[in-house]
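Student: give the three-dimensional model of this entry:
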Amino acid sequence: MSPAQVKPARKRTASATRGAKPGIDPTASSLYVQSVEKAMKVLTAFDGSKRQLSLSEIAALTDFDMSATQRFTFTLAALGYLLKDPDSRKYELSPKLVDFTYHYLISNELVSRATPYLQQLGSETEEATNLTVLDDTDIVFVLRIVSRNVFNAHVITGSRLPAYCTAPGLAILATFQDGEVEDILSRTNLVSFTPSTVYQPRKIKERLAQIRKQGYAHTEDEYFVADISTAAAVTNAHGRGIGAVNIAVARARWQADRDEKRFADLVISTASAISTRRRMDQA
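Tutor: Residues are numbered from 1 along each chain as shown. Model prediction:
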């Protein structure tokens, strides 16, 4: 898959029960408000594949009838979250939605802690450095420091990639118990994005065992061809991965005998420093 084919973020396929206790369906609770779910379904219909959607396209993507689609789009437009083109009568997302990202980033303690470390890491390596967190079966980029040597400008804050074939995702998964890893993989669409993608569950688990031993994850050409990534997990006081730091390098700039050990040491020490500060704050 070439960089030009990449969407800004991958649409989640998780159900509304994500994060619930096993055997418990939160949608069955009297506290569950279905109209909120439906409003979110309208917003997530705008997955980046098209800038604008017609009313009929939104109805098809959400499985709502036209009456319900009209009510939800009208309300979301009135609240400022959708914009309606007066000529085409199509809808698009409003910049007001960026407010949520802004409030998340400025209030997130992990992002605040990691920022100076990633800036230093980027300055030292002159490569793109990232902080990602796990969201269900995907990693989400919550901080990205790019350089003049950045490989993929299409990956931005908010971009979403599968955990099982990305170095940050694997680094985080390696800190989880086997049962949790099994659950995440069972809910993941395991496919081969490139000829180098490791997507077989048995091989992924073997890989996680190796990552636990060496302390870092390393991938080459597995999601983007010619992209090489090295990552280490940021952990909480219990050793559980709550994020990952990675360095992404274009293959043209990569020298294996020089770079893997060097970058592995850098991401391990950076992730450890962020983790240590968190543990000190929680003590």
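Student: helix, strand or coil for residue 150?
Tutor: Per DSSP: H, G, I helix; E, B strand; the rest coil, the secondary structure class of residue 150 is coil.
Student: do you know how far it is from residue 127?
Tutor: Distance, residue 150 to residue 127, by CB to CB, to the nearest Å: 8 Å. (Each C-beta comes from the backbone N, C-alpha and C, glycine too.)
Student: any shared contact partners between the two?
Tutor: Counting by CB atoms under 8 Å, 6 or more residues apart in numbering, the common neighbours of residue 150 and residue 127 are residue 248.
Student: those two: which is more packed in?
Tutor: It is residue 127, of residue 150 and residue 127, that has more neighbours when counted by other CB atoms under 10 Å, with 27 against 17.
Student: please name the residues that touch that one.
Tutor: The neighbourhood of residue 127, defined by CB under 8 Å, 6+ apart, consists of 147, 149-150, 247-249, 253.
Student: one more pass at 10 Å, please.
Tutor: 121, 145-151, 228-230, 246-250, 253-254, 259, 263, 266 (CB atoms under 10 Å, 6 or more residues apart in numbering).
Student: please apply the same query to residue 250.
Tutor: 127-128, 149-152, 224, 226-228.
Student: adding distance to residue 41, write the residues you listed out as TSV.
Tutor: Conversion of the contacts of residue 250 to TSV gives the following (distance: CB to CB, whole Å):
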residue	distance to residue 41
127	38
128	33
149	40
150	34
151	34
152	30
224	30
226	36
227	33
228	37
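Student: can you flag the buried ones in those residues?
Tutor: Among the contacts of residue 250, those classed as buried by 16 or more other CB atoms under 10 Å are 127-128, 150-152, 224, 226-228.
Student: can you tell me which one of those residues sits lowest on pLDDT?
Tutor: Least confident of the buried ones among the contacts of residue 250 in the model: residue 151, at 68.
Student: quick one on the thing from earlier: which of the contacts of residue 127 count as buried?
Tutor: Neighbour-count burial (16+ other CB under 10 Å) is assigned, among the contacts of residue 127, to 121, 145-146, 150-151, 228-230, 246-250, 254, 259, 263, 266.
Student: now, these that are in helices?
Tutor: 121, 259, 263, 266 (DSSP state H).
Student: out of these, which two sit at the greatest distance?
Tutor: With CB to CB as the measure, no two of these lie farther apart than 121 and 259, at 13.9 Å.
Student: overlap in contacts, the two.
Tutor: 127, 247.
Student: you'd agree residue 61 is in a strand?
Tutor: No: under three-state DSSP, residue 61 falls outside any strand and is assigned helix.
Student: spatially nearest residue to it, not counting backbone neighbours?
Tutor: Leaving aside its sequence neighbours, residue 61 sits nearest to residue 45 (CB to CB, 6 or more residues apart in numbering; 4.1 Å).
Student: I figured that neighbour hits residue 54, correct?
Tutor: No: using CB atoms under 10 Å, residue 45 is not in contact with residue 54, being 11.2 Å away.
Student: please say which of these two ends up with more neighbours.
Tutor: residue 45 (22 against 14).
Student: the more buried one and residue 184, how far apart?
Tutor: Here the criterion is CB to CB. By it, residue 45 lies 25 Å from residue 184.
Student: do residue 247 as well
Tutor: For residue 247, the distance to residue 184 - CB to CB - is 24 Å.
Student: same thing with residue 212?
Tutor: From residue 212 to residue 184 the distance is 16 Å (CB to CB).
Student: low pLDDT regions in the protein?
Tutor: Counting by pLDDT under 70, the chain has low-confidence residues at 1-23, 151, 277-283.
Student: in it, what residue spans correspond to helices?
Tutor: Counting by DSSP H, the helices of the chain are 34-44, 55-62, 66-78, 98-107, 109-125, 167-173, 178-186, 201-214, 256-282.
Student: buried deepest among those, which one?
Tutor: Most buried of the helices of the chain, by mean neighbour count (mean count of other CB atoms under 10 Å): helix 167-173, with a mean of 30.
Student: just the CA atoms of that helix, as CSV, please.
Tutor: Taking Å, rounded to 0.1, in the frame of the first residue of the first chain, the C-alpha atoms of helix 167-173 are listed here in CSV:
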residue,chain,number,x,y,z
ALA,A,167,5.8,-1.6,15.9
PRO,A,168,4.0,0.6,18.5
GLY,A,169,1.0,-1.8,18.5
LEU,A,170,3.2,-4.8,19.0
ALA,A,171,5.2,-3.1,21.7
ILE,A,172,2.0,-2.4,23.7
LEU,A,173,0.4,-5.8,23.1
